[in-house]
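All I have is the shape, not the residue letters:
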DNA sequence: CTGAAAGCGCTAACAT
DNA sequence: ATGTTAGCGCTTTCAG
């Protein structure tokens, strides 16, 4: 499929209105922008009538160019559908609204290339500020990022020091969840979405927390219980199924995301495991969905509200104060465990 | 909290680069836009180096103004978080990508005022085309809508004839679901989110289908089974709970949305009702979530893919062909029932 | 109260 | 292969 071309058909301009109403464009502008003191009531009404008659509409692109600002903040997420991003968008939109800024959401596509593309200078220049959820790019990629548009980064990747960065305590949260399961008597905790090597991705960090909790409790980590998978519902479902099929025994599941946990619950139900009696389950993120699945999901609440607050205030500050003289800040709220029905009290 | 003001700090322009590289702005433009034939390799490299040195970035606002197009289409939805809108956005983004258009998502807030605001000319002028999910505005409101930006409307409200309109077969789908329940032996079907009067909203249309199925089957509609509620998870949960508390007997639940149905499932589990043995449940929308809840949700698939296809192709056509001479089109796919585990075979 | 001039940063069209 | 001219539609500034 080809690109869509063609430019907007003419459209009525401010000058058209001005000419027709027998005034200068400036007066039309004043009317439109409610600078009442500068226009007589009579003229105002005439201009308004002409605007209506001609069906004139302000061209935001032109206004933005002239004013050097857009009133919009961009949020780039890997995908729209995962509950986590949708809820994040919702929260941010509320907060930015309070500052007179609209939030507009774009999709990066989670590939490194797509993510960088979203961050390319052009895209950013359409916004007064930008929030980027970094899942794929590395520090070097980000280094090239626009310096003209204030940016707040979210996500666990290491980011260049010049950026404000808001992130979850992945290690701490995972450790908290794992410790809770261990205290509840679990000894064979499957880790859904776990990863072995490095230290950069969400998978890896949460895996570290899982391991740390085991070490602290003197319980060995069994490799066969650490199954790598993506963080969608379907992924959690498939991974859990596989575990069962392969005959690997486990008495708990720690899913790296609530979505994954919900998939796991489904797989456990299908294979006749009772939750939490046979298998306990803990997720991560505190999605709204988790409260309504049966049984309701115990999860790690990573400080979603605090993160949204931080993202908003950091960005608003940068936007308001021109040059980024203020040093970059890092915000990482304290996670907490939300006990519901998929676990037993220790 | 006050508005955020202040304009973008100067920033390096194309002229800056040109001057520094000892060429004209036009040459810089040619380099940036890859018009290779028009620039010697030597100059190209020099310009590129200068761009790098100065950290220059194209100003999209200026480019958009000059070119009269933005390469973006807007999607306005009442809220980001409900699964339905997130999935819609996802689907649309895929399709528009194929046409070289980025999808950017904005939130209207579901109030009539907010919705109209989103549709105000200024907002629209930032996009090559716009998709609006109409939930609150009426035909008269929409009549005032921009004529300069191609718009496709989605949603069940009556809309002015000049707009392309994509909608679900709400009545047919609801009737299909209800008939299925009736055939499966249900005689007291609770309608979650039902409405009495009018004919405009999704609630009302789906209620009509529910009633039509009852009439056709000669089963009376009991008013106490039609409970009005919003379409979120929590709403379905609360409504179902209330039904139980009030001691109203029912052997099936038709929830107007999958989200509502998922809430209902939770409430039924809490109150000890077995699904589908004691109570059958059907939703509407075919959200991904429905496949993974326990038991998996039977639902009406309203033709999501076809709707996304239609929205995209209608809009792309309008964008490509200047004046809207083509008559407006209405697309309403055939719904189908997806049987899963919350119902019994008739 | 109203208007004229200037220019935001870019690119199409036409020179050279 | 490169430069010049003009202007997208708006608003800031300053003059009437």
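Nice, thanks for sending it over. Quick caveat, the model's predicted, so the values are computed rather than measured. Numbering: from 1, shown residues only, chains lettered A, B, ... in the order given.

other SSEs contacting the helix or strand where residue A:263 lies?
In this structure, residue A:263 sits in helix A:258-270 according to DSSP states H and E. Judged by 3 or more CB pairs under 8 Å, 6 or more residues apart in numbering or on different chains; DSSP states H and E, helix A:258-270 is in contact with helix A:83-97, strand A:189-192, helix A:233-245, strand A:252-255, strand A:280-284. Every C-beta, even on glycine, is put in place using the N, C-alpha and C of the backbone.

Of these, which is nearest DNA strand C?
Proximity to DNA strand C, assessed across those by CB to the nearest atom of the strand, is greatest for helix A:83-97 (24.5 Å).

now the helices for chain A?
Shown for chain A, the helices assigned by DSSP state H span residues A:14-21, A:25-32, A:41-54, A:60-67, A:83-97, A:112-119, A:121-124, A:139-143, A:170-183, A:202-217, A:233-245, A:258-270, A:304-320.

Tell me which of these is the most buried.
Burial of the helices of chain A is given as mean neighbour count (mean count of other CB atoms under 10 Å in any protein chain shown); helix A:258-270 ranks first at a mean of 26.

And it, how far out from the chain middle?
Taking CA atoms, centre = their mean, to the nearest Å, one finds the center of helix A:258-270 at 23 Å from the center of the full chain.

What mean pLDDT does that helix get?
Per-residue confidence for helix A:258-270 averages out to 97 on the pLDDT scale.

got it, and stretch A:161-171?
The pLDDT scores in stretch A:161-171 average 93.

gap between it and the chain center?
With CA atoms, centre = their mean as the basis, the mean position of stretch A:161-171 lies at 13 Å from the chain mean.

swap in stretch A:135-153?
Distance of stretch A:135-153 from its chain centroid, counting by CA atoms, centre = their mean, is 15 Å.

and what of stretch A:16-35?
Once both centres are worked out by CA atoms, centre = their mean, stretch A:16-35 turns out to sit 42 Å from its chain's centre.

same deal with stretch A:302-318?
Relative to the centre of its chain, stretch A:302-318 is centred 11 Å away, using CA atoms, centre = their mean.

Can you check the pLDDT for the residue lying closest to residue A:207 once chain neighbours are set aside?
The spatially closest residue to residue A:207, leaving aside those adjacent along the chain, is residue A:194, at 4.6 Å (CB to CB, 6 or more residues apart in numbering or on different chains). For residue A:194, the model assigns a pLDDT of 84.

residues contacting residue A:194?
In this structure, residue A:194 makes contact with A:203, A:206-207, A:210, A:226-228, A:256, judged by CB atoms under 8 Å, 6 or more residues apart in numbering or on different chains.

wait, which of the helices of chain A is closest to residue B:31?
Closest to residue B:31 of the helices of chain A, according to CB to CB: helix A:121-124, at 14.7 Å.

So for the closest one, mean pLDDT?
Mean predicted lDDT for helix A:121-124 stands at 69.

Check stretch A:53-71 too.
Mean pLDDT, taken over the full extent of stretch A:53-71, equals 90.

for that stretch, the distance to its chain's centre please.
Using CA atoms, centre = their mean, the offset of stretch A:53-71 from its chain centre is 29 Å.

What is the end-to-end distance of that stretch?
Its start and end residues considered, stretch A:53-71 measures 28 Å (CA to CA, to the nearest Å).

show me what contacts the residue lying closest to residue A:271 once chain neighbours are set aside?
Once flanking residues are discounted, residue A:271 sits nearest to residue A:244: 4.8 Å by CB to CB, 6+ apart. Applying CB under 8 Å, 6+ apart to residue A:244 gives the contacts A:267, A:271, A:273.
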